[in-house]
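J.: no FASTA, just this:
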């Protein structure tokens, strides 16, 4: 029994000690815990600088002829000769021979009209001689004969003289017409042209107004383009003479062709309800030796850039940096700016223009502002952020700092 008591006494002391320690630890003051602050989000920024921007309105269009005619015969007859280049795609110079219609009948007609003119001149000469005789006779009988003015004119053969003069004029005009018909037997190109279609062959008999060929002028082609109606204010519309329109650049594949807007059409595109305009392209087939472009063919579907107004002191930012809220005015938007304390500030801005390169702001920001260009999760005004550019600079500075030298070792003696 005494042995058991001796064993329990140290155990009891140990338990009491443990209990006292637990009580003391429970009553001891606890150190205050500091709430852990979340690390600022890392954002990408762009420091703004004003730029000048040339507004470029992009559009699409189709190449169409600027000049196109259906060339028709003006006289009838058999085709006895034709130009070897009178084939689809053949090139013709202004005044170049196209077809020759048989001319013998027209040569004979000229001879007949020359004879008619000679007869009319002879009749006029005879009538003028008779008029002289009539004047002399009238001078002898004038005082003894009472007559009217009409009777006097008849006695002097004035109507007969006028008729002879008119007959001569008519004969000369018929001669001129015969000569003109002879000239028309040789059909020539009215302008520099390419043959789009031909409808004659040697030996074929043509009537007046028979179609010979379809010609398209090669000095220039037109591009009919469509652009959004609200973009017309950004381009220079041509004047009443088709001058001073916005310059343009037409692209087909890897080739570009300079042009100029010459006309705004009076109606909208019936399909897309867009404004339509004409752009003139000089030497589209590259016929000039100095023009080394690939020929621009009719019917080609091309890309167009119209160079419009120039914007000064605007700020170019990427699309992802601009936020448009709901269905508000697309020219009104907001951006996030990082201030000097590395906190977010929301700014309202005006979008003056946008294209494939970015968005251009005219109000709400200024030079030197740092625009956030990366995505921010749940952004709030005043929220602390870290700029990636500043982060990189700090990292680079840390890498460049020399390591501290090792302290000198003391004597061990």
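T.: Noted; the coordinates are in hand. Since this is a predicted model, take the numbers as computed values, not measurements. Residues are numbered from 1 along each chain as shown.
J.: Excluding covalently adjacent residues, which one is nearest to residue 207?
T.: residue 76 (4.9 Å; Cβ to Cβ, 6 or more residues apart in numbering). Backbone N, C-alpha and C define where each C-beta goes, glycine included.
J.: That neighbour and residue 364: what is the separation?
T.: 77 Å (Cβ to Cβ, to the nearest Å).
J.: and if you look at residue 193?
T.: Taking Cβ to Cβ, one finds residue 193 at 57 Å from residue 364.
J.: what about the residue nearest to residue 83 when sequence neighbours are not counted, neighbour count?
T.: Closest residue to residue 83 apart from its sequence neighbours, by Cβ to Cβ, 6+ apart: residue 98 at 5.2 Å. For residue 98, the count of nearby residues is 24 (other Cβ atoms under 10 Å).
J.: Please look at residue 98 and residue 189 and confirm they touch.
T.: Yes. Counting by Cβ atoms under 8 Å, residue 98 touches residue 189, with 6.0 Å between them.
J.: Find residues that contact each of these two.
T.: Common neighbours of residue 98 and residue 189, counting by Cβ atoms under 8 Å, 6 or more residues apart in numbering, are residue 92.
J.: quick one: the helices in the stretch 251-400 of the chain?
T.: Remark: helices assigned in the stretch 251-400 of the chain by DSSP state H, counting those that start in this stretch are 388-400.
J.: How about the stretch 51-200 of the chain?
T.: With DSSP H, counting those that start in this stretch as the criterion, the stretch 51-200 of the chain has helices at 104-141, 149-155, 158-184.
J.: Considering those helices, which stretch scores lowest in mean pLDDT?
T.: Per-segment mean pLDDT for the helices of the stretch 51-200 of the chain reaches its minimum on helix 149-155, at a mean of 69.
J.: can you confirm residue 208 is in a helix?
T.: No. Counting by DSSP: H, G, I helix; E, B strand; the rest coil, residue 208 is not part of a helix but coil.
J.: Look at the residue nearest to it when sequence neighbours are not counted and say how many residues are nearby.
T.: By the measure of Cβ to Cβ, 6+ apart, the closest residue to residue 208 outside its immediate chain neighbours is residue 76, 5.2 Å from it. Using other Cβ under 10 Å, residue 76 is surrounded by 16 other residues.
J.: The residue nearest to residue 207 contacts residue 205, correct?
T.: Yes. With contacts counted by Cβ under 8 Å, residue 76 reaches residue 205, the gap being 7.5 Å.
J.: avg pLDDT for stretch 288-304?
T.: Rounded mean pLDDT across stretch 288-304 is 90.
J.: looking at the helices of the stretch 51-200 of the chain, which is closest to residue 334?
T.: helix 158-184 (73.8 Å; Cβ to Cβ).
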